[in-house]
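Q: The sequence isn't on hand, but the structure is:
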């Protein structure tokens, strides 16, 4: 569980107080819910637990060379090109292996004979289990969060992705065999005043709908957890294991041994009281 109240951090001798979109804040939320709805304060709070320097180091290993260990590194404030981001997302799409993007696959003669082949540099930078956990979170972004627009536009294949908004608009996402990054913005980086979901999401959806009809990209498969990760159904209100008193559930991924073990065995009056007190503020993954 993460705290999504607005917080202030010291960066050098200056205060940094990140805001959520539309200044909407929550109390305690799951990490899943925080990514689902791009909650900046909860996300930066998680990065502070991990360590901003460690987050920045992983970002640099994934190809975002400008990343530095400040609070805003958790919400993508450092410069990156669409090609940089395509390389960064290979970490999730390939089980923790980072691939350097490359433009030229091979040089061939007029007859098609290969003269030179080029292959990307590949390096394992993330535990495959952690890569899957993140992919699982990003599946939820597309299925039930800020990226849901791509589903309403008719893209139905299993996919994971994330919206992004600052002065520009992003949508990065992938299936089991194709990764696509869309950037919408001005060359001088002036504010386009439109978010990633409505600006970049539809472009991504239209491209991917056509791409998955091509033979080389049509065999899309669901993302499957590696050894050491389990999928668990949880109660939407308490985020605990469900029982007959709380039948409405969502699915979440956990490292083995870290899933909740308590059940939501509350009689109806206690559940009603919980909802009245917290106003469903204890947000789940859906």
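A: Arrived safely, thanks for sending. Note that the structure is a prediction, hence the values are computed from the model and not measured.

Q: quick one, strands of the stretch 1-150 of the chain?
A: For the stretch 1-150 of the chain, strands defined by DSSP state E, counting those that start in this stretch occupy the ranges 2-3, 9-11, 14-16, 28-29, 97-99, 106-108, 114-117, 122-124.

Q: Parallel or antiparallel, which strands does the longest one pair with?
A: Taking DSSP bridges as the criterion, strand 114-117 pairs within the sheet with strand 106-108 (antiparallel).

Q: Against the centre of the protein, work out the most remote residue.
A: What lies farthest from the middle of the chain is residue 111; by CA atoms, centre = their mean that is 43.7 Å.

Q: Dump the strands of the stretch 1-150 of the chain to TSV, plus mean neighbour count and mean pLDDT.
A: Quick note: C-beta positions are derived from backbone N, CA and C, even for glycine. Shown next, in TSV, are the strands of the stretch 1-150 of the chain (neighbours: other CB atoms under 10 Å; pLDDT from 0 to 100):
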stretch	mean neighbour count	mean pLDDT
strand 2-3	18	94
strand 9-11	12	93
strand 14-16	10	94
strand 28-29	21	93
strand 97-99	19	96
strand 106-108	11	94
strand 114-117	9	94
strand 122-124	13	96
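
Q: Dump these into CSV; add distance to residue 36 as well.
A: Shown next, in CSV, are the strands of the stretch 1-150 of the chain (distance: least, CB to CB, whole Å):
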stretch, distance to residue 36
strand 2-3, 12
strand 9-11, 23
strand 14-16, 24
strand 28-29, 9
strand 97-99, 25
strand 106-108, 41
strand 114-117, 41
strand 122-124, 28
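
Q: which stretch among these comes nearest residue 219?
A: strand 97-99 (19.8 Å; CB to CB).

Q: Remind me what the closest one packs against, helices and strands.
A: If contacts are counted by 3 or more CB pairs under 8 Å, 6 or more residues apart in numbering; DSSP states H and E, strand 97-99 sits against helix 82-93, strand 122-124.

Q: if you compare those, which one is most tucked away?
A: Of the helices and strands packed on strand 97-99, the one with the most neighbours on average (mean count of other CB atoms under 10 Å) is helix 82-93, at a mean of 22.

Q: Show me the contact partners of that one.
A: 59, 62-65, 80, 97-101, 125-126, 131, 134-135, 138, 160, 170, 172, 174, 179, 181-183 (CB atoms under 8 Å, 6 or more residues apart in numbering).

Q: Quick check: which of the strands of the stretch 1-150 of the chain is nearest to residue 251?
A: If we rank the strands of the stretch 1-150 of the chain by CB to CB, the stretch that ends up nearest is strand 28-29, at 17.2 Å.

Q: I'd say residue 9 and residue 47 touch.
A: No: contact criterion CB atoms under 8 Å: residue 9 and residue 47 do not qualify, at 10.3 Å.

Q: Many thanks, have a good one.
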